[in-house]
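Participant: Structure for this input, please:
(chains A and B)
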Amino acid sequence: MTILIDNKAEVKESLQPKGFLRYFSFSLDHKVIGIQYLVCGFLFYLVGGTLASAIRIELISPLSDFLPRDVYNQVLTLHGTIMIFLWIVPVVNGAFGNYLIPFYVGARDMAFPRLNAVAFWLIPPSGLMLIASYFIEGAAQSGWTAYPPLSITTPQSGQIIWILSVLLLGGSSIFGGINFIVTILKLRRPGLKLMNLPMYCWAMLGTSILVVLSTPVLAGTLILLSFDIVAHTGFFNPALGGNVVVYQHLFWFYSHPAVYIMVLPAFGLVSEILPIHCRKPLFGYTTMVFSIMGIVVLGLVVWAHHMFTSGTPPWMRLFFTIATAFIAVPTGIKFFNWVATMWGGKISLNSAMLFSCGFIINFVFGGITGVALAQVPFDIHVHDTYFVVAHFHYIVYGGSVFVIFSSIYHWYPKVVGKLLNENLGYLHFALTFIGFNLCFAPQHWLGLNGMPRRVAEYDPQFQFINQISSFGALFMAVSTIPFLINIFISIKKGEIAGNNPWNGLTPEWLTTSPPPVENWEGEAPLVNEPYGYGKDYLS
Amino acid sequence: MTILNNSDEITKGGDDLIDHHEDFRIFGLIIFLIADGMTFAGFFAAYLTYKAVNPLPEGSVYELELAIPTLNTILLLISSATFHKAGKALLNQKNDISQKWLLITASLGITFLGCQLFEYFNLPFGLTDNLFASTFYALTGFHGLHVTLGTLMILIISWQTRIKGGIITYKNMFPLEAVELYWHFVDGIWVILFIILYLY
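Facilitator: Predicted structure coming up:
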């Protein structure tokens, strides 16, 4: 196929809204779509955070006095679903991917701009639908995993709306994944080799492969689940001869890779941020690429480590334990590469850098508990306890969300053209880091001592530790305030950033801030050495 | 705001290699079909697991006749060939012949769906009778949905291949190629489904 696309009837410039309004339009500009993803995701983050606060307020006392039990179940289901499907996945993939990938490959836009816009515009309706289900007959109550038979026996309407919503979000994710794969592999400007791409491209390539291979399996599973709920078939209903473990296998075949879908792009973003603020080349580029691809391959074959208590046969336990432990190797390589990148560098400890350092610290904690959880005897002891809650919050909040904030501090000057206030940034980091660790570190102890997750009531002996945890959650909630003030004040009164405030070498810094519609005036620059810091021409 | 890599505004004076790009839509479609194939893979995995670990209760009815599905397999295989003929004809700029082959393909698809419905109505079990029945209807139904969409798309492109005013010509083969690829994919899935569900 060497036919050039030449559609004269394409969208005319005059038909597209200008200025602020374009963020509410079906814009085809990858930069506008990236911002749409980010702002939309952040609004859902505020909703999910409010729900998290409700959970922590409920858990201040051992009895279910703040929320009724069934409302508590709905709140935790919505919290999990919103945070995963509407905040972290769309933001680390959609928002930063759309904004940065075309710059990194030297293109004017993504490969399929219209598909890109469709992928974004699937998100707000499905998110609103999910939230609206609470006001109809109550939201889904079976947790974000929607395990049958619980999801079959709880009220139907909420569960069905949950399924529809997740199907739409899955579709959005797949469309985005297709777009990223084609853009990264095919749309590179002439002369730009794969092994010279910035690391975020590799992370997004790996993530998109995971998205394309695993999300459809979740979609198929949820279709079968909806048959069970609506048509009373028995796929996952033991009373009708079905098998709940099949659901768990299919669900985790998506949902374990989903962890990597949330965290691999974060790895990529950190790999962009660290070299710039440490003034050193990214350490071990090639090993980084191979470890990303290693994580992609291993990430697809570890899902049953979520199911060690589901009657999993011994050979399967053995295989999945070993495979899971193996993932620590590529992840560890990446960790040491980041530390080695920082080692001996001229580190400027600004807000972006602080959040990245916070990410590295938190992620090591989450990684260590992850390796511990991969061991069957230990996993059986802490399965479905707060130890697991603490572990994955260290991965997804301490990992991905810290990187999202780091990236916002890092790329805000490019997107808006103004610098963020550093003092407010320090305050935001301090509150988030202290609050996060205060909230989740004690939960390891709670889990080890047997406090089950997803239950509104608990043994009174756990009250004090739960109160510490809730106190930490208060810090996290408050930390959003300086961040929002910072964002809004800096748009108006921020210091002018200039085109390249961090002296970066990656292509997005080689254009104006904010970038023009076509990304560059004239030809796209050829960047063969995106991390060539510490050379003579740049101090 | 034009972001199209190749609209008029951009091509003025830009570097052609950057501003034009090749047509990657087929590549994108292949990735989509891989994703779609994974949905089927999930269903197949579920079905095979059920077969291995969930024996049906005593007295369950789950017999399948082979005559209709075998006929259906043959119909779909022929339809892949006729679709290929349509593409060849279009490449030789014979739009009318191409359109005929497309209509033949579409009628084969419709016949397939008709046979499938006939089978549904004559089977001794219904959707909720037992686990095998549910899986059978889910798998064949999901595949049938793909055939239905494919047939509709074939009818649309056969209309678009018309000589007077049709937009699909040998210069603009993409719609035909895309549907053809999709059709071969659905065909291939059916062969796997036939082997797993009826023969194995």
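
Participant: how about low-confidence regions in chain B?
Facilitator: B:1-21 (pLDDT under 70).

Participant: Please tell me how far A:Tyr104 sits from A:Pro198.
Facilitator: 5 Å (CB to CB, to the nearest Å). Where C-beta positions appear, they are placed from N, C-alpha and C, glycine not excepted.

Participant: Mind listing the shared neighbours of these two?
Facilitator: Shared contacts of A:Tyr104 and A:Pro198 (CB atoms under 8 Å, 6 or more residues apart in numbering or on different chains): A:Thr506, A:Pro507, A:Pro530.

Participant: which among the residues you listed gets closest to A:Pro68?
Facilitator: A:Thr506 (51.1 Å; CB to CB).

Participant: got a list of what that closest one touches?
Facilitator: Counting by CB under 8 Å, 6+ apart, A:Thr506 has contacts A:Phe103, A:Tyr104, A:Pro198, A:Glu272, A:Ile276, A:Val527, A:Pro530.

Participant: how would you label A:Glu521: helix, strand or coil?
Facilitator: coil (DSSP: H, G, I helix; E, B strand; the rest coil).

Participant: Mind pulling up the pLDDT for it?
Facilitator: pLDDT, A:Glu521: 86.

Participant: downstream neighbour of the helix or strand where B:Gly37 lies in the secondary structure list?
Facilitator: Secondary-structure element containing B:Gly37, defined by DSSP states H and E: helix B:25-53. Using DSSP H and E, the helix or strand that follows helix B:25-53 in sequence is helix B:67-91.

Participant: do that next one and chain A meet?
Facilitator: No: using CB under 8 Å from any CB of the partner chain, helix B:67-91 stays clear of chain A, coming no nearer than 12.5 Å.

Participant: Now that helix: buried residues?
Facilitator: Under the neighbour-count criterion of 16 or more other CB atoms under 10 Å in any protein chain shown, helix B:67-91 has B:68-69, B:72-73, B:75-76, B:79-80, B:82-83, B:85-87, B:89-90 buried.

Participant: closest to A:Leu240 among the residues you listed?
Facilitator: The closest of these to A:Leu240 turns out to be B:Pro69 (CB to CB; 25.8 Å).

Participant: Does that closest one touch B:Ile195 like I think?
Facilitator: No: under the criterion of CB atoms under 8 Å, B:Pro69 is not in contact with B:Ile195, lying 10.5 Å apart.

Participant: Grab the nearest non-local neighbour of residue 196.
Facilitator: Just so you know, I chose chain A. Among residues not flanking A:Asn196 along the chain, A:Asn528 sits closest, at 4.9 Å (CB to CB, 6 or more residues apart in numbering or on different chains).

Participant: um, chain B though
Facilitator: Nearest one to B:Ile196, counting by CB to CB, 6+ apart, is B:Phe44 at 6.0 Å.

Participant: Could you give the number of residues near that neighbour?
Facilitator: A total of 19 residues lie near B:Phe44 under the criterion other CB atoms under 10 Å in any protein chain shown.

Participant: Just list the residues touching it, thanks.
Facilitator: B:Leu139, B:Ile192, B:Leu193, B:Ile196.

Participant: List buried members of the residues you listed by neighbour count.
Facilitator: Counted by 16+ other CB under 10 Å, the contacts of B:Phe44 give B:Leu139, B:Leu193 as buried.

Participant: List the residue ranges of the stretch 401-539 of chain A that fall below the pLDDT cut-off.
Facilitator: Ranges of the stretch 401-539 of chain A meeting pLDDT under 70: A:535-539.

Participant: Tell me which stretches of it form helices.
Facilitator: Using DSSP state H, counting those that start in this stretch, the helices of the stretch 401-539 of chain A run over residues A:402-416, A:422-448, A:463-493.

Participant: top of the contacts of A:Thr506 by neighbour count?
Facilitator: A:Glu272 (27 neighbours).

Participant: can you pull the contacts of it?
Facilitator: A:Leu100, A:Pro198, A:Met199, A:Tyr200, A:His410, A:Thr506.

Participant: Tell me where the stretch 151-300 of chain A has helices.
Facilitator: A:156-186, A:199-230, A:244-278, A:285-299.

Participant: Include distance to B:Thr161 and mean pLDDT when you put those into a markdown table, please.
Facilitator: As requested, the helices of the stretch 151-300 of chain A are arranged in a markdown table below (distance: least, CB to CB, whole Å; pLDDT from 0 to 100):
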| stretch | distance to B:Thr161 | mean pLDDT |
| --- | --- | --- |
| helix A:156-186 | 27 | 96 |
| helix A:199-230 | 31 | 96 |
| helix A:244-278 | 39 | 96 |
| helix A:285-299 | 41 | 96 |
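
Participant: related to what we said a few turns ago, quick check: the farthest pair among the contacts of B:Phe44?
Facilitator: B:Leu139 and B:Ile192 (10.2 Å).
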